[in-house]
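>>> got a structure for you, letters missing:
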């Protein structure tokens with residue numbers, strides 16, 4: 001990871017994303033509200049590292 005690379009970290013509490021941190025290297029740039037349009041766009045590709053998310057299968061929607 002480069003010191004100039006922008007990354008996003010989801011802050012979770014009890015399985016709910018409470019904030020999204022925009023980081024440049026190890027420096028916190030800003031906090032994004034997960035309820036905002038930008039937050040929703042970022043979270044659309046978010047995968048929990050705990051693996052607690054249940055993937056939706058075709059058989060469940062039938």
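Received it, and whenever you're ready, just let me know what you need. Quick caveat: nothing in here was measured; it's all calculated off a predicted structure.
>>> and the helices in the protein?
For the chain, applying DSSP state H gives helices covering 37-43, 58-61.
>>> contacts only, for the residue nearest in space to the middle of the chain.
The residue lying closest to the centre of the chain (CA atoms, centre = their mean) is residue 10, at 4.0 Å. If you count contacts by CB atoms under 8 Å, 6 or more residues apart in numbering, residue 10 has them with 17, 19, 20, 34, 43, 46. Quick note: C-beta positions are derived from backbone N, CA and C, even for glycine.
>>> residue ranges with poor pLDDT in the chain?
Residues of the chain meeting the criterion pLDDT under 70: 1, 46-62.
>>> where do the strands sit along the chain?
Here the chain has its strands, by DSSP state E, at 6-13, 16-24, 27-32.
>>> how about a markdown table for those strands, with distance to residue 39 added?
As requested, the strands of the chain are exported to a markdown table (distance: least, CB to CB, whole Å):
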| stretch | distance to residue 39 |
| --- | --- |
| strand 6-13 | 9 |
| strand 16-24 | 6 |
| strand 27-32 | 5 |
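>>> do you know which of these lies nearest residue 38?
strand 27-32 (5.7 Å; CB to CB).
>>> give the partner strands of that closest one in its sheet and their orientations.
Using DSSP bridges, the strands paired with strand 27-32 are strand 16-24 (antiparallel).
>>> how about the partner strand: buried residues?
Using 16 or more other CB atoms under 10 Å as the test for burial, strand 16-24 gives 17, 20, 22.
>>> who's in contact with the first one?
Meaning residue 17. 10, 11, 34, 43, 46.
>>> just the second one next, same as before
By CB under 8 Å, 6+ apart, the residues touching residue 20 are 8, 9, 10, 11, 31, 32, 33, 34, 39, 42, 43.
>>> just the terminal-to-terminal distance for stretch 21-31.
Using CA to CA, to the nearest Å, one end of stretch 21-31 lies 5 Å from the other.
>>> what's in contact with it?
Stretch 21-31 is contacted by residues 1-9, 11, 19-20, 32 when judged by CB under 8 Å, 6+ apart.
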